[in-house]
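Q: model the structure of this input:
(4 chains)
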Number of protein chains: 2
Amino acid sequence: MARLPVYLRALNSLLEAEVRSCSSEELATAAGVNSAKLRKDLSHLGSYGTRGVGYDVEYLRYQISREIGLTQDWPVVIVGIGNLGHALANYSGFSSRGFRTVALLDADDSRTGELVAGLKIRAFRELTAIVHEHGVAIGVIATPAAAAQSVCDQMVSAGIRSILNFAPTVLTVPDGVDVRMVDLSSELQILAYHEQRKAQLQSGDAPVVATGSEGVA
Amino acid sequence: MARLPVYLRALNSLLEAEVRSCSSEELATAAGVNSAKLRKDLSHLGSYGTRGVGYDVEYLRYQISREIGLTQDWPVVIVGIGNLGHALANYSGFSSRGFRTVALLDADDSRTGELVAGLKIRAFRELTAIVHEHGVAIGVIATPAAAAQSVCDQMVSAGIRSILNFAPTVLTVPDGVDVRMVDLSSELQILAYHEQRKAQLQSGDAPVVATGSEGVA
DNA sequence: AAGAGTTTGTGAACGTGGGAACAAACCGAG
DNA sequence: CTCGGTTTGTTCCCACGTTCACAAACTCTT
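A: Residues are numbered from 1 along each chain as shown, chains lettered A, B, ... in the order given. Have a look, this model is predicted:
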């Protein structure tokens, strides 16, 4: 479930505040969701709460970590060390949560050897060897859109089965391979859409149900 | 709708390939969605297709752009110029789609004046003045988690009503303000979760419905 | 030990979104 | 002009996720 990481983060915050135990209501507000939803989500993992008391923060945190798979080590490869790849390589949120960046790859050979976040950039052609050596299962694509599908295909044939894609392209992959896409400009566009709606409502167009046909010749 | 940007991107690709007209089926596969869903989405904007023929690529592209609000100019402020803020400032996907970064702000005064992506970093305290001067409606938060809520509050009181949050925290905002959260490590965690499930299936645990209670003392 | 007060876990209603199927509409050939 | 082929726009249906509401279960006080 996509909300488990959010719960985990909320639990970490509570733990930092030295809160030992919490109710579903508290945790739900901290995570920004409905308490019933939270309880149902947690009940899918097992009965880790105590009725009349709540959840033990430390214990629940461990159980969610285990469910997500954060108790094991996940070697990760990042391909495309441009501005974004650079930022991802330095992002502390990865390393602090069981993800270990084992290699930074770039197709531009002139960058090979350059030191980024304590790792030397290596040539993209080394991908397969690195995947096999470290047992990499997760790859991150931070290349330009034009290169993304090719990189993706080579990741899949090298044995990677989970891909996090930052390139603004729809990737096609065989069954059994998971792709998650993070599209930065799409996020801004969605905000702009809502912003525009808000502006229209305030300017008095509110009562008219938008048909989209007004003003079109 | 959150899929409009995806359609828009697909249309741009078709336009680059000099495709003048396309059916819902073609566009749907290019966008990676079901054709019925695409038609239903588009019909919400108006009747921009022709039965028996399909959609005019250029015309549909303009209509979607207009619906999202990309035909107008959106000034954007980025707060927190660390690794990620740096990458965002340089990200071409923003500027090429009607979004104009008008200021980069950072709380660390020692960085004021530093040149990033052709803009000088300015002090965070200038936020309100900049928002009013440029009519900024969209803010991007790329600060550490600890500072995010404070930055968010000041953005809201300065008049910003749409926020793109990259800090790993749930932001609380008053009604009428939109927040979209992009959590990089959550994305990786979700991949790890699916990856773990795949690994478990292959190792023979498949027939057992996971209860989460096995192996717990 | 019993009851009052909490809080979890879950069963049932509700609403939303997705997908298949079909009617309406358009084009081109004869 | 008519008819067959094609494609959109829409309706209906289903399944999923969310939320409400309540019973089960636990703690603490008396």
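Q: quick one: list the elements packing against the longest strand along chain A.
A: For chain A, the strand with the greatest residue count under DSSP state E is strand A:99-106. Strand A:99-106 makes packing contacts with strand A:74-79, helix A:83-90, strand A:119-123, helix A:127-134, helix B:184-200 when contacts are defined by 3 or more C-beta pairs under 8 Å, 6 or more residues apart in numbering or on different chains; DSSP states H and E. Using the backbone N, CA and C atoms, a C-beta is placed for each residue, glycine as well.
Q: after the fourth one comes which helix or strand?
A: This points to helix A:127-134. The element immediately downstream of helix A:127-134 (helix or strand, assigned by DSSP states H and E) is strand A:138-141.
Q: how about the helices and strands packed on strand A:99-106 in TSV, adding distance to DNA strand C, mean neighbour count and mean pLDDT?
A: Supplementary listing: those in TSV, determined by distance: least, C-beta to the nearest atom of the strand, whole Å; neighbours: other C-beta atoms under 10 Å in any protein chain shown; pLDDT from 0 to 100:
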stretch	distance to DNA strand C	mean neighbour count	mean pLDDT
strand A:74-79	28	24	97
helix A:83-90	28	23	94
strand A:119-123	39	17	97
helix A:127-134	32	16	98
helix B:184-200	18	20	91
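Q: export those to a markdown table and tack on distance to DNA strand D?
A: Rendered in a markdown table, the data for the helices and strands packed on strand A:99-106 read as follows (distance: least, C-beta to the nearest atom of the strand, whole Å):
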| stretch | distance to DNA strand D |
| --- | --- |
| strand A:74-79 | 24 |
| helix A:83-90 | 28 |
| strand A:119-123 | 37 |
| helix A:127-134 | 31 |
| helix B:184-200 | 13 |
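Q: how near is residue A:114 to residue A:91?
A: Using C-beta to C-beta, to the nearest Å, we find residue A:114 at a distance of 18 Å from residue A:91.
Q: what's the answer for residue A:202, then?
A: Noted for residue A:202: a distance of 38 Å to residue A:91, by C-beta to C-beta.
Q: same deal with residue A:25?
A: From residue A:25 over to residue A:91 the distance is 32 Å, taken as C-beta to C-beta.
Q: picking up where we left off before, report all helices and strands that the helix or strand just after the longest strand of chain A contacts.
A: Sequence-wise, the next helix or strand downstream of strand A:99-106 (DSSP H and E) is strand A:115-116. Of the remaining helices and strands, those touching strand A:115-116 by 3+ C-beta pairs under 8 Å, 6+ apart are helix A:83-90.
Q: can you tell me if the helix it packs on touches chain B.
A: Yes: part of helix A:83-90 sits near chain B under the criterion C-beta under 8 Å from any C-beta of the partner chain, namely A:83, A:84, A:86, A:87, A:88, A:90.
Q: spit out the contact partners of the nearest residue to residue A:112 once chain neighbours are set aside.
A: Excluding its sequence neighbours, the residue lying closest to residue A:112 (C-beta to C-beta, 6 or more residues apart in numbering or on different chains) is residue A:123, at 5.3 Å. Residue A:123 makes contact with A:105, A:106, A:107, A:109, A:112, according to C-beta atoms under 8 Å, 6 or more residues apart in numbering or on different chains.
Q: hmm, back to that, could the helices and strands packed on strand A:99-106 go into TSV alongside distance to residue B:141?
A: Compiled in TSV, the helices and strands packed on strand A:99-106 are given as follows (distance: least, C-beta to C-beta, whole Å):
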stretch	distance to residue B:141
strand A:74-79	23
helix A:83-90	15
strand A:119-123	27
helix A:127-134	34
helix B:184-200	13
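Q: ok, the residue nearest to residue A:112 to chain B distance?
A: Counting by C-beta to the nearest C-beta, to the nearest Å, the gap from residue A:123 to chain B is 22 Å.
Q: can you classify the closest residue to DNA strand D within chain A by secondary structure?
A: When distances are taken as C-beta to the nearest atom of the strand, chain A reaches nearest to DNA strand D at residue A:52, 2.4 Å away. Under the three-state scheme (DSSP: H, G, I helix; E, B strand; the rest coil), residue A:52 adopts coil.
Q: again, but for residue A:143
A: Following three-state DSSP, the label given to residue A:143 is coil.
Q: now it, what are its backbone angles?
A: Residue A:143 adopts backbone torsions of phi -90, psi 170, taken as degrees, to the nearest 10.
Q: neighbours of it, just the number please.
A: By the measure other C-beta atoms under 10 Å in any protein chain shown, the count of residues near residue A:143 is 27.
Q: how far away is it from DNA strand C?
A: Counting by C-beta to the nearest atom of the strand, to the nearest Å, the separation of residue A:143 from DNA strand C is 28 Å.
Q: isn't that residue up against residue A:149?
A: No: between residue A:143 and residue A:149 no contact is recorded; they are 9.8 Å apart, counting by C-beta atoms under 8 Å.
Q: dump stretch A:188-206 to PDB, restricted to CA.
A: Written as PDB, here are the backbone C-alpha positions of stretch A:188-206 (Å, rounded to 0.1, in the frame of the first residue of the first chain):
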ATOM      1  CA  LEU A 188       3.300  21.800 -11.500                       C
ATOM      2  CA  GLN A 189       0.800  21.500 -14.300                       C
ATOM      3  CA  ILE A 190      -1.700  19.900 -12.000                       C
ATOM      4  CA  LEU A 191      -1.200  22.800  -9.500                       C
ATOM      5  CA  ALA A 192      -1.600  25.300 -12.300                       C
ATOM      6  CA  TYR A 193      -4.900  23.600 -13.300                       C
ATOM      7  CA  HIS A 194      -6.300  23.900  -9.800                       C
ATOM      8  CA  GLU A 195      -5.000  27.400  -9.500                       C
ATOM      9  CA  GLN A 196      -6.700  28.400 -12.700                       C
ATOM     10  CA  ARG A 197     -10.000  27.000 -11.500                       C
ATOM     11  CA  LYS A 198      -9.700  28.900  -8.200                       C
ATOM     12  CA  ALA A 199      -9.100  32.100 -10.100                       C
ATOM     13  CA  GLN A 200     -12.100  31.500 -12.400                       C
ATOM     14  CA  LEU A 201     -14.300  30.900  -9.400                       C
ATOM     15  CA  GLN A 202     -13.300  34.100  -7.800                       C
ATOM     16  CA  SER A 203     -13.800  36.200 -11.000                       C
ATOM     17  CA  GLY A 204     -17.500  35.400 -11.100                       C
ATOM     18  CA  ASP A 205     -17.700  32.500 -13.500                       C
ATOM     19  CA  ALA A 206     -18.800  30.300 -10.700                       C
END
